[in-house]
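K.L.:
Just to be clear, the model below is a prediction. Sequence and coordinates:
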Protein chains: 2
Amino acid sequence: MWDTVKNFFYNLSPTRIIVGYYLLTVTFATILLSLPIARQQDVPWSFIDSLFTAVSAVSVTGLTTVSIADTFTPTGIIFLIIILQIGGIGIMALGTFFWLLFRKKIGLKERQLIMTDQNQIKFAGVVNLMKHILIIFFLIEVIGAFILGLYYLRYFSSWHDALFHGLFSSVSATTNAGFDITGSSVKPYAGDYFVQFIHMLLIILGAIGFPVLIEVKNYLQKRRTVYHFSLTAKITTVTYFLLAIFGAMVFFIFEFSKFLSEKNWHESLFYSLFQSVSTRSAGLVTLDLQELSTATLLLFAILMFIGASPSSVGGGIRTTTFALNILFFFQFAKGNRIIKVFKREIHEEDLLKSFVVTAFAVLLVVTSVILLSFTEDVSLIAIIFEVCSAFGTCGMSLGITDDLTIFGKILIMILMFIGRVGIVSFMFMLGGKEKKENFHYPKERVTIG
Amino acid sequence: MWDTVKNFFYNLSPTRIIVGYYLLTVTFATILLSLPIARQQDVPWSFIDSLFTAVSAVSVTGLTTVSIADTFTPTGIIFLIIILQIGGIGIMALGTFFWLLFRKKIGLKERQLIMTDQNQIKFAGVVNLMKHILIIFFLIEVIGAFILGLYYLRYFSSWHDALFHGLFSSVSATTNAGFDITGSSVKPYAGDYFVQFIHMLLIILGAIGFPVLIEVKNYLQKRRTVYHFSLTAKITTVTYFLLAIFGAMVFFIFEFSKFLSEKNWHESLFYSLFQSVSTRSAGLVTLDLQELSTATLLLFAILMFIGASPSSVGGGIRTTTFALNILFFFQFAKGNRIIKVFKREIHEEDLLKSFVVTAFAVLLVVTSVILLSFTEDVSLIAIIFEVCSAFGTCGMSLGITDDLTIFGKILIMILMFIGRVGIVSFMFMLGGKEKKENFHYPKERVTIG
Ligand SMILES: [K+]
Ligand SMILES: [K+]
């Protein structure tokens, strides 16, 4: 039994497994959400809307062409919660799984566990570790659900309603899905800092990346000895929080005399912080995006485009990609070709990869914006925002999702898919593994920029 | 005397010379255009508008906050022609000069001429070659001026007017400046294919790049022996024409049922072709840009952003940069790490450089768009269009240039400057030469995208 599973994994490429898993889950989700018990009786069923909701749920994006609260029954919402687990956490876990198997950049304890034998224990060790982490992740969701559920008693008359909303909120925040059953995201709690704080905490735990969670867990378990965090974990954590602070600060500046003009300091603080954290990947909002200025919306589009940590529940080009881009070109401008960060040097292959990913993403997003501005009859900022939101699997929207043409909906689905599986995976899906060169031509320099 | 000049050039870095030359020329141009004899009497003088016109002229962009025809006297227009020569051709010639001195990727004849002695004849040879080429460039302008001038006799009642318009048109097209004294660009000749054809020819000769002109000249002079065009020349020429054809085709598709709906095939062909060629860097138009769809305007913005050939009169990231980006990431997707093109391999340093240039340009343009959408009260598409036009030193505009705030005008000037001197030069200006590393850290891989 173990041998069969093991051989299956060894023979397929990680990318194919992730993409295959994604497509399977989407099919499963479309069927599930189309079942009569999942849907309210007076709502007409359409294939494209069911597929769109399924893709949005599996890629934990949160863009919807229909209102979740008005379309699905409580059973349907339970289905949605299950799909978010299978999609969001499943793909993250698979990504981390291959990261563990192939990168081997993990703590000492794990390294001993996994690498004692080349084949046998390695695989079992990884599976074991994954099990531990999945349990931790579910625990986070359950604890979040209880905290929010109990607290929601002040908003809901029945225990049942409060706990159900708590559960959905917790899952939606932790998986960074950003779906809501309030019909208006987190806006009802715009004045409740406790609810927002818990949401932000859950969002960060989901979007900071599985590898970081693993390393922090290892660190906490053996805090007396020296523990080495991986370079990936360090870069992604620092970038994640810097982006959150940067986003909040610029939001505050841009909206100071506009949206925030009548708000006091703690309202301004929470509006700035919550939206900024949410652009990383969650897509939950405490305000009406239509009220914001174009400059702020463009800022959010950029933040969504960058997205969350690698091997997380988020999308976009990923924090590490962005960090390497920025690091390299400041160093390049200073005349350095070798990037030193946290007392490590960045591999040249990773630098090139980070630029290819960004270039591909820019091309993808720009092409999508141009195509949609040709096919859709909505404002340019709404299109830019929607495209970045889909690619970043963030799910914020200026409300155009249900007005899109069939072409527009398909394009947004493709963007959610590529954003979720990641551009590196997507490119490998198209092309395959790195090839050895058989022959060479002479090199010749080219004049650049 | 030669020794002093030689030492001066050897001691300063090429970048500093180009930037210094640019700033000197801007100062000179601002003074020249502020002189009472240059300006019509009833037009009030403002420092920011004079500076803006000077920067726009030196960087051969063509964006203006004032109407050339209504602001300047014939003497002022002669000044403008002189500034276009000094700015456009001067910076191109300087760029090519250093390219010749340092890259040594030139024809056999030149190599013999230049490299016989390491110091003496090399410098003199380059100077000699440059002289030849500058003469060719002026010849192109003069021939263009006569052809257009004589032809314009059917539009103007006096020889003087026809030749003056012919001269200005020729200089404006060849230097890709895109200024006009008609008050409405090439629109008066929207039905005259001969005028458009000559314009396109002159535009291409200016924007295809000095190195290409040099190599073609060499090729024509010794066509019997085998001649090797440089990789830069091949890549830039192919990319230049592919972009022109691509732009014309997509323009045709986007506007088929809109702007072109009432036009016949040859009108459609010339509208598509002229505008597409013009986005490379010239900025001349035969139609009212306001009539075009958002999709087309975005397409033009991208084409302007890419810009013209390196060492040409154009701006943007340059064709070679774009070509290397595209080549690399299609090869990367196929699993290749080594880029083969025209039986040569691309140097890894150039690949990295091309990505840094693009990443920096994207960051620059995006930041500018966000800042302007904060400070200016105009539509988003107009801002995107203006920013890309300035960075690509193209000069097309949706008519917002004169409505910009002081901040907006300064930002657009900075974009024209960076676009014109090129991002590589700009970065070297900030930082300096490549450094040797004294110590190394261990390398560690990072998870990307
Ligand atoms: K989301
Ligand atoms: K121009």
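P.N.:
Good, I have the coordinates. Numbers count the residues shown, from 1 in each chain, chains lettered A, B, ... in the order given. Ligands and ions are numbered 1, 2, ... in the order given.
K.L.:
Quick check: residues of chain A near ligand 1?
P.N.:
A:61-62, A:176, A:178, A:283, A:395 (C-beta under 5 Å from the ion). Glycine gets a C-beta too; all of them are placed from N, C-alpha and C.
K.L.:
Out of the residues you listed, grab the one that's most surrounded.
P.N.:
For these, neighbours were counted using other C-beta atoms under 10 Å in any protein chain shown, and A:Thr61 has the most, 36 neighbours in all.
K.L.:
Next, the contact list for it, please.
P.N.:
For A:Thr61, the residues meeting the contact criterion (C-beta atoms under 8 Å, 6 or more residues apart in numbering or on different chains) are A:55, A:177-178, A:283, A:315, A:389-390, A:393-395, A:416, A:419-420.
K.L.:
Between those residues, which has the least confident prediction?
P.N.:
For the contacts of A:Thr61, the least confidently modelled position is A:Gly178, at 85, judged by pLDDT.
K.L.:
Need the three-state assignment for that residue.
P.N.:
What DSSP: H, G, I helix; E, B strand; the rest coil gives for A:Gly178 is coil.
K.L.:
now the one 4 residues further on
P.N.:
Local secondary structure at A:Thr182 is given as coil here, using three-state DSSP.
K.L.:
What's the local residue count around A:Thr25?
P.N.:
Around A:Thr25 there are 20 other residues, counting by other C-beta under 10 Å.
K.L.:
residues in contact with it?
P.N.:
When contacts are counted by C-beta under 8 Å, 6+ apart, A:Thr25 touches A:58, A:83, A:86-87, A:90.
K.L.:
from the residues of chain A next to ligand 1, which is closest to A:Arg337?
P.N.:
Taking C-beta to C-beta as the measure, A:Asn176 is the one of the residues of chain A next to ligand 1 closest to A:Arg337, at 36.2 Å.
K.L.:
you'd agree the closest one is up against A:Val313?
P.N.:
Yes: using C-beta atoms under 8 Å, A:Asn176 is in contact with A:Val313, at 4.5 Å.
K.L.:
shaky segments in the stretch 251-400 of chain A?
P.N.:
Counting by pLDDT under 70, the stretch 251-400 of chain A contains no low-confidence residues.
K.L.:
Can you show me the helices along it?
P.N.:
In the stretch 251-400 of chain A, the segments counted as helices under DSSP state H, counting those that start in this stretch are A:265-279, A:294-306, A:319-333, A:348-375, A:380-391.
K.L.:
Output those as TSV; include the columns distance to A:His160 and mean neighbour count.
P.N.:
Supplementary listing: those in TSV, determined by distance: least, C-beta to C-beta, whole Å; neighbours: other C-beta atoms under 10 Å in any protein chain shown:
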stretch	distance to A:His160	mean neighbour count
helix A:265-279	28	21
helix A:294-306	35	25
helix A:319-333	39	23
helix A:348-375	42	21
helix A:380-391	33	26
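K.L.:
Those: which one's closest to A:Leu242?
P.N.:
Each of the helices of the stretch 251-400 of chain A was scored for nearness to A:Leu242 using C-beta to C-beta, and the closest is helix A:319-333 (8.8 Å).
K.L.:
near chain B at all, that closest one?
P.N.:
Yes: Helix A:319-333 comes into contact with chain B (C-beta under 8 Å from any C-beta of the partner chain), by way of A:320-321, A:324-325, A:328-329, A:332-333.
K.L.:
now stretch A:395-408
P.N.:
No: contact check for stretch A:395-408 against chain B, using C-beta under 8 Å from any C-beta: none in range, with a minimum separation of 12.4 Å.
K.L.:
In space, what's closest to the residue sitting nearest the centre point of chain A - neighbours in sequence excluded?
P.N.:
Against the mean C-alpha coordinate of chain A, by C-alpha atoms, centre = their mean, the closest residue is A:Gly314 at 0.8 Å. Distance criterion C-beta to C-beta, 6 or more residues apart in numbering or on different chains; nearest residue to A:Gly314, sequence neighbours excluded, is A:Ala308 at 2.3 Å.
K.L.:
quick one: contacts for that neighbour?
P.N.:
Contacts for A:Ala308 were tallied using C-beta under 8 Å, 6+ apart; they are A:176, A:207-209, A:240, A:280-281, A:314-316, A:318-319, A:392.
K.L.:
mind listing what the closest residue in space to A:Ser312 that isn't next to it in sequence touches?
P.N.:
Closest residue in space to A:Ser312, ignoring its immediate chain neighbours: A:Gly209 at 4.1 Å, by C-beta to C-beta, 6+ apart. Residues in contact with A:Gly209 (C-beta under 8 Å, 6+ apart) are A:233, A:236, A:308-312.
K.L.:
could you redo the helices of the stretch 251-400 of chain A as JSON lines and give each row distance to B:Leu24?
P.N.:
JSON lines is the format used below for the helices of the stretch 251-400 of chain A (distance: least, C-beta to C-beta, whole Å):
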{"stretch": "helix A:265-279", "distance to B:Leu24": "44"}
{"stretch": "helix A:294-306", "distance to B:Leu24": "36"}
{"stretch": "helix A:319-333", "distance to B:Leu24": "24"}
{"stretch": "helix A:348-375", "distance to B:Leu24": "35"}
{"stretch": "helix A:380-391", "distance to B:Leu24": "40"}
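K.L.:
And these: which comes nearest B:Ser425?
P.N.:
Closest of the helices of the stretch 251-400 of chain A to B:Ser425 is helix A:319-333, at 11.5 Å (criterion: C-beta to C-beta).
K.L.:
where does that closest one sit relative to the chain's centre, distance-wise?
P.N.:
Taking the mean C-alpha point of helix A:319-333 and that of its whole chain, the gap between them comes to 21 Å (C-alpha atoms, centre = their mean, to the nearest Å).
K.L.:
Could you do stretch A:264-283 as well?
P.N.:
A distance of 17 Å separates the C-alpha centroid of stretch A:264-283 from that of its chain, computed with C-alpha atoms, centre = their mean.
K.L.:
Stretch A:205-212 too?
P.N.:
In terms of C-alpha atoms, centre = their mean, the gap separating the centre of stretch A:205-212 from the centre of its chain is 10 Å.
K.L.:
Also stretch A:161-169?
P.N.:
Between the centre of stretch A:161-169 and the centre of its host chain there is 22 Å, according to C-alpha atoms, centre = their mean.
K.L.:
Quick check: buried residues in that stretch?
P.N.:
Within stretch A:161-169, the residues that qualify as buried by neighbour count (16 or more other C-beta atoms under 10 Å in any protein chain shown) are A:162-169.
K.L.:
Which residues does that stretch contact?
P.N.:
Judged by C-beta under 8 Å, 6+ apart, the contacts made with stretch A:161-169 from elsewhere in the structure are A:74, A:77, A:81, A:144-153, A:155-156, A:179-182, A:195, A:199.
K.L.:
Which entries within these meet the buried criterion?
P.N.:
Applying the neighbour count, that is 16+ other C-beta under 10 Å, the buried entries in these are A:77, A:81, A:144-145, A:147-149, A:151-152, A:179-181, A:195, A:199.
K.L.:
Just send those back as a markdown table, with secondary structure and pLDDT too.
P.N.:
Formatted as a markdown table, the entries for those read as follows, by DSSP: H, G, I helix; E, B strand; the rest coil; pLDDT from 0 to 100:
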| residue | secondary structure | pLDDT |
| --- | --- | --- |
| A:Ile77 | helix | 90 |
| A:Ile81 | helix | 90 |
| A:Gly144 | helix | 93 |
| A:Ala145 | helix | 93 |
| A:Ile147 | helix | 93 |
| A:Leu148 | helix | 92 |
| A:Gly149 | helix | 91 |
| A:Tyr151 | helix | 91 |
| A:Tyr152 | helix | 88 |
| A:Phe179 | coil | 88 |
| A:Asp180 | coil | 83 |
| A:Ile181 | coil | 83 |
| A:Val195 | helix | 89 |
| A:His199 | helix | 92 |
